[in-house]
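Q: the following block contains a protein sequence and its predicted model.
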Amino acid sequence: MAQIPAGRDCPGQLSPKQAGEAWELKARRWLEGKGLRFIAANVRGRGGEIDLIMKEGRTTVFIEVRYRRSSRFGGAAASVTAAKQHKLLQTALLWLARHNGSFDTVDCRFDVVAFTGNDVEWYKNAFGEDA
């Protein structure tokens, strides 16, 4: 059995970056099981990052993946603030422009996959360009 990579301060535990990548992969696999098709991961733009870009039919879906151990402070979905939404929208605009598209020409939406403890929630069309 493969050993879990160690974080800097906690031998045997994942670093925050490694943990984030693991939850993103879990979300990707879960969404693929729901029929979405993977396009890209960890797309970066000026000041923002989109965790996953997938397709559902003809719709391009920009997905933010969040994890919280518990709902004590509002759960995972509550952590997608207005400022975070704005960054995601701007990054999506840049990605679309690089692929000869825009919000006017491409059918797209913004989803959140929220893992809180052992629960997963999928918020389709969680926010949009008017956010």
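A: That came in fine, so what should we check first? Numbers count the residues shown, from 1 in each chain.

Q: and the residue nearest the centre of the chain, what does it touch?
A: The centroid of the chain falls nearest to Glu64 when counting by C-alpha atoms, centre = their mean (2.3 Å). Residues in contact with Glu64 (C-beta atoms under 8 Å, 6 or more residues apart in numbering) are 50-51, 80, 84, 88, 110-113, 126. Yep, even glycine has a C-beta here, placed from its N, CA and C like the rest.

Q: that one: helix or strand, and which one exactly?
A: strand 59-68 (DSSP states H and E).

Q: can you give me the strands for this structure?
A: 37-45, 48-56, 59-68, 108-116, 119-127 (DSSP state E).

Q: only alpha carbons, please: show the strand holding Glu64 as PDB.
A: Extracted in PDB, the C-alpha atoms of strand 59-68 (Å, rounded to 0.1, in the frame of the first residue of the first chain):
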ATOM      1  CA  THR A  59     -23.100  23.500 -21.100                       C
ATOM      2  CA  THR A  60     -19.600  24.400 -19.800                       C
ATOM      3  CA  VAL A  61     -19.600  24.100 -16.100                       C
ATOM      4  CA  PHE A  62     -17.100  26.000 -13.900                       C
ATOM      5  CA  ILE A  63     -16.900  24.200 -10.500                       C
ATOM      6  CA  GLU A  64     -15.600  25.400  -7.200                       C
ATOM      7  CA  VAL A  65     -14.800  22.500  -4.800                       C
ATOM      8  CA  ARG A  66     -15.000  23.200  -1.100                       C
ATOM      9  CA  TYR A  67     -14.300  21.000   2.000                       C
ATOM     10  CA  ARG A  68     -15.000  21.700   5.700                       C
END
